[in-house]
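1. With the sequence up front, the predicted model follows.
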Amino acid sequence: MEHEPLFEPDSDITRRLEKLDGEGLELYVADLLSMFRPLGWKVYVTKRSRDMGGDLVLDNPDGIRYVIQAKHRQDDEKVIGLSAVQQAVAAKAAYGAHHSIAMSNAVDFSEPAKRLAAYNKTILWTKHELQKLYFASIYRDEKLLQEIGLELGKPASLPKPQSTFELVPHIPSPESVFASQLGQQAEQKTLPLEVRPRFTSDAPKSKSRFLFWAPAFLVALLAAIAIFGLKRVWVASEQPSPEDVVIGYDRAYRHALNTNDTSQLFEYAAQELISARVQPWIDRRARRGCILFTVEKEPMRVLGIDVRGDVATATVRKSWKQTLVCPGQQDQVKTDGPFEMRYVLKKSDGWKIVESGGN
């Protein structure tokens, strides 16, 4: 390695960006963002096994959260397609972020990717924005952060970010940026055996402590059982109604059409329905690199819900405009106007849609 990139300006940052592999790009950007930690910024990395489309999470000093999807360019690839934006949009909901960022060391994003990003208000970072981020971190210039789309203030209306996935604070480590390229493994730092704390047992004291803590432990256990029971009752009383499920499903379904990500549907519909009626043709469209832009022309109206025991039937009226967008092809309008849908819901632990159909 020529030098530590975070501590002296790089005369050719473009060359360095081009040398990075996928993991190296993530670590490099995380290190750059970590330079703003003294100013209140926080950087997290996501779990590799289940990152849900997000590679990094960034919180600004006022609590505005960004989730970042890094897409490394392949070989001589200069333009990044839809998948990076789709994954960034999906990660925004998964990590409770206010904004999503699709990032690449390529020169540009494709036109369909740009349209999808504009529709979902996803920020795009190419090699040019990463150059600005580099110099922003060198000089800790927050104005340059604003130029690449990061906010410094917090509108009062924004909710506090909530993530359903584990986030790990990123610790800057310039040497780790290129470790994956060189095939090196970071050494795990552990205390030598001779300096590790040693513990000795004391039998009489242990017995007396057990007699003292046993009743307290029993009381705490009973209290926990009681609280768990009350929580189950409360959760049952707070379960969404059939109307709430239908409204949530409509929102999640439009998200799936716009991003080819069906993960949000499982909260509102049975897995069998999604696997049989939704996933197959979304997969076929995704393999072609296409999306179905779906925009509400009018808010959905619930015309009626008939509940009979554990089964409910809901009829709704929607008005959508759907446009098929595929790389290298002219956009095609598929739907443009009102239509009605009928949903059948069943109640087990909660209401779930099990059938859907319309005209």
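-> Cool, the structure landed. Residues are numbered from 1 along each chain as shown.

2. Surely residue 312 forms part of a helix?
-> No - with DSSP: H, G, I helix; E, B strand; the rest coil as the criterion, residue 312 is assigned strand and is not in a helix.

3. shouldn't it be in contact with residue 342?
-> No - Residue 312 is beyond contact range of residue 342, at 11.3 Å (criterion: CB atoms under 8 Å). The way it works is simple: take the backbone N, C-alpha and C, and place the C-beta from them, glycine included.

4. which of those two has more neighbours?
-> residue 312 (21 against 14; other CB atoms under 10 Å).

5. Tell me the bridge partners for the more buried one.
-> Beta-bridge pairing for residue 312 (DSSP bridges): residue 307, residue 345.

6. can you pull the contacts of it?
-> By CB atoms under 8 Å, 6 or more residues apart in numbering, the contact set of residue 312 is 242, 305, 306, 344, 345, 346, 347, 351.

7. Just among those, which is most surrounded?
-> Going by other CB under 10 Å, residue 345 tops the contacts of residue 312 with 27 neighbours.

8. next helix or strand past the helix or strand containing residue 18?
-> For residue 18, the host element (DSSP states H and E) is helix 13-19. Downstream of helix 13-19, the first helix or strand assigned by DSSP H and E is helix 22-34.

9. by contact count, what packs against that following helix?
-> Helices and strands touching helix 22-34, by 3 or more CB pairs under 8 Å, 6 or more residues apart in numbering; DSSP states H and E, are strand 42-46, strand 56-59, strand 65-71, helix 127-139, helix 179-182.

10. Run me through the strand neighbours of the second one, direction for each.
-> This means strand 56-59. For strand 56-59, pairing defined by DSSP bridges yields strand 42-46 (antiparallel), strand 65-71 (antiparallel).

11. Spell out which residues make up each domain of the chain.
-> Here the domain parsing of the chain from automatic domain parsing is 13-182, 242-358.

12. any idea which of the ones you listed scores lowest on pLDDT?
-> Mean pLDDT values for the domains of the chain show the minimum at domain 13-182, a mean of 79.

13. mind checking the SS state of the residue nearest the centre of the chain?
-> For the chain, residue 91 is the residue whose C-alpha lies nearest the centre (CA atoms, centre = their mean; 1.8 Å). Of the three states, residue 91 takes helix under three-state DSSP.

14. wait, isn't it in contact with residue 70?
-> No - checked against CB under 8 Å, the pair residue 91 and residue 70 is beyond contact range at 11.0 Å.

15. From the chain's centroid, how far away is stretch 269-285?
-> 21 Å (CA atoms, centre = their mean, to the nearest Å).

16. how long is it end to end?
-> Distance across stretch 269-285, first residue to last, is 21 Å (CA to CA, to the nearest Å).

17. ranges for the strands of the stretch 151-300 of the chain?
-> 167-169, 291-308 (DSSP state E, counting those that start in this stretch).

18. Of those strands, which is nearest residue 132?
-> Across the strands of the stretch 151-300 of the chain, residue 132 has its closest neighbour in strand 167-169 (24.4 Å, CB to CB).

19. Return the list of helices and strands in contact with that closest one.
-> In terms of contacts (3+ CB pairs under 8 Å, 6+ apart), strand 167-169 is packed against strand 42-46.

20. what's the angle between the strand it packs on and helix 22-34?
-> 160 degrees (axes from the mean of the first three to the mean of the last three CA atoms, to 10 degrees).

21. ok, residues contacting strand 42-46?
-> Outside strand 42-46, the residues that reach it (CB under 8 Å, 6+ apart) are 26, 30, 33-34, 37, 52, 54-59, 95, 165-170.

22. again, but for stretch 326-343
-> Residues contacting stretch 326-343 (CB under 8 Å, 6+ apart): 81-82, 110, 112, 246, 249, 288-290, 292, 297-298, 303, 313-325, 353, 355-359.
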